[in-house]
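Student: Quick one, structure for this:
(2 chains)
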There are 2 protein chains.
Amino acid sequence: MKPAGTVAIPGFRGSGTACGIKKAGKADLALVVSDLPCVSDVVFTRNRVAAAPVAWGKGLRSRAALRGVIANSGNANACTGKEGLSAVRRTSDAACAALGLPAGSLLVSSTGVIGVPLPAEKIEAALPGLVASLSARGIARAGDAILTTDAYPKRGVRRVGVRGGTVTLGGIAKGAGMIAPNMGTMLAYAFTDAPVRPADLRRAFREAVDPSFNRIVVDGDTSTNDTAALFANGACGLPPLEGRDLAAFSEALQSLLLDLALLIVRDGEGASRVVRIAVTGAASGAEAETAARAVATSPLVKTAVFGADPNWGRVVAAVGRSGVRVDPDRIELSFAGETVLRRGLRIDRAAERRAAPKIRKETYAIDVDLGLGKGSHYLYFSDLTHDYIRINAGYRT
Amino acid sequence: MKPAGTVAIPGFRGSGTACGIKKAGKADLALVVSDLPCVSDVVFTRNRVAAAPVAWGKGLRSRAALRGVIANSGNANACTGKEGLSAVRRTSDAACAALGLPAGSLLVSSTGVIGVPLPAEKIEAALPGLVASLSARGIARAGDAILTTDAYPKRGVRRVGVRGGTVTLGGIAKGAGMIAPNMGTMLAYAFTDAPVRPADLRRAFREAVDPSFNRIVVDGDTSTNDTAALFANGACGLPPLEGRDLAAFSEALQSLLLDLALLIVRDGEGASRVVRIAVTGAASGAEAETAARAVATSPLVKTAVFGADPNWGRVVAAVGRSGVRVDPDRIELSFAGETVLRRGLRIDRAAERRAAPKIRKETYAIDVDLGLGKGSHYLYFSDLTHDYIRINAGYRT
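Tutor: The predicted model follows:
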């Protein structure tokens, strides 16, 4: 999965720069803005300790006025109290003024270390240069400037033929640690020149966030700063999408966001593999999700994935402790399509040996059928490796 | 914390041997039995995928008849279907017969790899030798024979003066991986020559299990095999404990089980430190427990503990995502007694620097006060290290 080279969306311009929040001149400030008014939607972290920009964003009187986003990396502006909120306001006001837009026209995001005051003055000082360097090709540079422990940038583009022309969707995202379902810990921004009515945009966005960003698990932690947003400026000049065109747009949006989400989980801190865990036959959909989540966050399962060990016992134990209804004698389980457990009993060593080479691949599936009902759910998760420990035991000190 | 050298409890004898379940002649079969009838109580794993010996133990018609335990390591006898249950019955019947006791007089436990048929014939073949070598000092050998990934044996002894004499309590335990609250994944057996009425014994045991085995977290996984039991044979010859004597017995039992529990978490796979996380000021006791558990299982917190990083941001983020009621502006947090966060704001770098040397110790406390109510809870957890990955990525293959 290589990221798209550029992210050029008609009517949107972006830029990224180093304003001095990160050390050594690393890019840490991103701006993407639409030349036209937008229809937009935003979803935020459910973490009760929300960072200042999230609290501020939730309180925006009208998100209808949003035209883009300004985001910094290197500092999460979380647990920073009233001064943190002031820093968000200063950032927003200064950026909107520099763009000649009314106050409140930009979403503000931060990602990085928690608890350190955000130096808004560094952002203000960098704004003239940031605005001057806005360009259609600069959205990718904005994507680079929001990265933290990411090993590579995350971006993608989709083009969809609709009646009368073509619409373009593009997105940038960041995230590697603190990833769990429910607004997985990350920033993601998608932009499109499609003309979409507000209610349609909201529906399409929520339907695309659920099977993508809400289905990835790196470490089970959820950040204080998660934010995902979609901006649609209608710059393609077509009338509002309807019927089949709207469906095609929604599908492309889902595909784009899933790509971005998989780029994030694939970049899970220290990750060597990504596994799709699917639980079927659960007593309910909610129980399937609970079971899948227990598997996806189990350190024992995650280390077995790293070790390429078809250790179905750990998977079954995780499902068992999740609290969902289970009849051990009905469980069926496969690694990479090789069934190793049927009616709760190990098939034989040969089945595990057949699975062994397939689970050395970078990505594969673990399927668990509980044989009880029709509930099903899936998640993508990364493994737990030596590099995860190395990265996180030494991130700050 | 060094384990006691011997575990000699009047009227109990034990032994351990290598019956061939583990490779290379490692001890894998343990027996402890009382010479006299016992009052006993047993608690089992809440994992819904319970191993065969757990299912069998839960179904025992009368636990009043229990006189001791036979336990093997190297094979969990879990996910083994009807044959697994037959293997438990064969083990139990053969052991009871070899001891000249009625069938059903012994608790049966297994710990080890999941999904592999238990070779009951190896246990049967070893029984004559195992019974012949029973001795008062052999309880410690039994404790050695139940170990799996444990780095050291876990045992302890307490003596309590009561009216008319002294009673002795002793225990053996095993466990290092798959440890989480609610019958943390482990085996633990305590024995006493104290005379305790059944209802008193049950109350004392449950009250001692909650603040010990139910308060330790290694990896958040819960095993299919967890079992803890207490056997009291009254061999001291005194009348049933009452009043102050019963209270002193209960206190000693709590102290003994807490020691065993701390020996387990200290031996958490790859652990370098044990932290006591206490959440106070929560809206309720249940919310305090939820928050403490989120901290104790957070990979980001656990790697920060390994890295000796006073990373309160990760602790606060874990509490925030746990779903409990939180007012970020009221949180107070300390590492090893050094307050680093007050009213949701970082105090200064100096406070973190003061904490730094204290969190390099083998054990310390993290205290989080939410400032909302009177709910409180604490847990002991181990850190997440390179050795955890090494041990678990290669355990089976």
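Student: And the strands in the stretch 51-200 of chain A, which stretches?
Tutor: A:68-73, A:106-111, A:154-162, A:165-174, A:187-192 (DSSP state E, counting those that start in this stretch).
Student: Which strands and helices lie in contact with the last one?
Tutor: Other elements packing on strand A:187-192 under the criterion 3 or more C-beta pairs under 8 Å, 6 or more residues apart in numbering or on different chains; DSSP states H and E are strand A:29-34, strand A:68-73, strand A:165-174, strand A:227-232, helix A:243-266. Every C-beta, even on glycine, is put in place using the N, C-alpha and C of the backbone.
Student: got CSV for the ones you listed, with mean neighbour count, mean pLDDT and distance to chain B too?
Tutor: Output for the helices and strands packed on strand A:187-192, formatted as CSV (neighbours: other C-beta atoms under 10 Å in any protein chain shown; pLDDT from 0 to 100; distance: least, C-beta to the nearest C-beta, whole Å):
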stretch, mean neighbour count, mean pLDDT, distance to chain B
strand A:29-34, 28, 97, 21
strand A:68-73, 28, 96, 15
strand A:165-174, 24, 94, 17
strand A:227-232, 28, 92, 15
helix A:243-266, 21, 92, 15
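Student: confidence score at the residue of chain A positioned farthest from its centre?
Tutor: Centroid-distance maximum for chain A: A:Asp348 at 39.0 Å, with C-alpha atoms, centre = their mean. Listed pLDDT for A:Asp348 reads 85.
Student: distance of it from chain B?
Tutor: Distance of A:Asp348 to chain B, computed by C-beta to the nearest C-beta, to the nearest Å: 11 Å.
Student: show me what contacts that residue?
Tutor: Residues near A:Asp348 by C-beta atoms under 8 Å, 6 or more residues apart in numbering or on different chains: none.
Student: and the closest residue to A:Thr149 other than its chain neighbours, how many residues sit next to it?
Tutor: Once flanking residues are discounted, A:Thr149 sits nearest to A:Ala176: 4.8 Å by C-beta to C-beta, 6 or more residues apart in numbering or on different chains. Applying other C-beta atoms under 10 Å in any protein chain shown, we find 27 residues neighbouring A:Ala176.
Student: my guess is A:Ala176 meets A:Val265, correct?
Tutor: No - the pair A:Ala176 and A:Val265 fails to qualify as a contact (C-beta atoms under 8 Å) at a distance of 9.0 Å.
Student: what does the stretch 201-350 of chain A have sitting close to chain B?
Tutor: Contact residues, the stretch 201-350 of chain A versus chain B (C-beta under 8 Å from any C-beta of the partner chain): A:219-224, A:297-300, A:303-304, A:306-309, A:311-314, A:316-321, A:323-326, A:328-329, A:331, A:341, A:343-346.
Student: Mark which of these are buried, thanks.
Tutor: A:219-224, A:297-300, A:303-304, A:306-309, A:311-314, A:316-321, A:323-324, A:326, A:328, A:331, A:341, A:344-346 (16 or more other C-beta atoms under 10 Å in any protein chain shown).
Student: What pairs with the helix or strand bottoming out on mean pLDDT in chain A, parallel or antiparallel?
Tutor: The weakest-scoring helix or strand in chain A, judged by mean pLDDT, DSSP states H and E, is strand A:216-217 (a mean of 80). Next to strand A:216-217 in the sheet, as set by DSSP bridges, lie strand A:375-382 (parallel).
Student: in the helix or strand where A:Ala208 lies, what's buried?
Tutor: Using DSSP states H and E, A:Ala208 falls within helix A:198-209. Using 16+ other C-beta under 10 Å as the test for burial, helix A:198-209 gives A:200-201, A:204-205, A:208-209.
Student: Closest to B:Tyr189 out of those?
Tutor: The nearest member of the buried residues of helix A:198-209 to B:Tyr189, counting by C-beta to C-beta, is A:Val209 at 50.4 Å.
Student: Next to chain B, which bits of the stretch 1-150 of chain A? Give me the list.
Tutor: Within reach of chain B by C-beta under 8 Å from any C-beta, the stretch 1-150 of chain A has these residues: A:46-50, A:76, A:78-81, A:113-116.
Student: List only buried entries from these.
Tutor: A:47-50, A:76, A:78-80, A:113-116.
Student: Quick check: A:Arg141 touching A:Ala18?
Tutor: No - at 11.0 Å, A:Arg141 does not count as touching A:Ala18 under the criterion of C-beta under 8 Å.
Student: Excluding chain neighbours, what is closest to the residue in the stretch 51-200 of chain A positioned nearest to chain B?
Tutor: Using C-beta to the nearest C-beta, the closest approach of the stretch 51-200 of chain A to chain B is made by A:Ile114 at 2.8 Å. Nearest in space to A:Ile114, with sequence neighbours left out and distances taken as C-beta to C-beta, 6+ apart, is B:Gly313 at 2.8 Å.
Student: how far away is the one you found from B:Gly270?
Tutor: Applying C-beta to C-beta, to the nearest Å, the value for B:Gly313 to B:Gly270 is 24 Å.
Student: follow-up on the earlier one: would you tell me which one of the buried ones among the residues of the stretch 1-150 of chain A next to chain B comes nearest to B:Asn233?
Tutor: Closest approach between those and B:Asn233, by C-beta to C-beta: A:Arg48, at 51.2 Å.
Student: A:Thr149: neighbour count?
Tutor: By other C-beta under 10 Å, neighbour count at A:Thr149 equals 18.
Student: Quick check: pLDDT value at it.
Tutor: 81.
Student: where does it fall, phi/psi-wise?
Tutor: A:Thr149 adopts backbone torsions of phi -90, psi 10, taken as degrees, to the nearest 10.
Student: is it true that it touches A:Glu269?
Tutor: Yes - between A:Thr149 and A:Glu269 there is a contact under C-beta under 8 Å: 6.0 Å.
Student: if we can go back for a sec, list the contacts of the residue nearest to A:Thr149.
Tutor: So A:Ala176 contacts A:148-151, A:218, A:264, A:267-269 (C-beta under 8 Å, 6+ apart).
Student: Quick check on those: which are buried?
Tutor: A:148-150, A:218, A:264, A:267-269.
Student: just to revisit the earlier point, compare the strands of the stretch 51-200 of chain A and give me the one nearest A:Arg89.
Tutor: Closest to A:Arg89 of those, according to C-beta to C-beta: strand A:106-111, at 8.7 Å.
Student: give me the low-pLDDT residue ranges for chain A?
Tutor: Counting by pLDDT under 70, the ranges of chain A that qualify are A:1-4, A:61-63, A:177-185, A:218-223, A:394-397.
Student: per the record, what domains does it have?
Tutor: Here the domain parsing of chain A from automatic domain parsing is A:12-266, A:274-393.
Student: Now intersect the buried ones among the residues of the stretch 201-350 of chain A next to chain B with the helices, please.
Tutor: Of these, the ones assigned to helices by DSSP state H are A:297, A:299-300, A:303-304, A:306, A:312-314, A:316-321.
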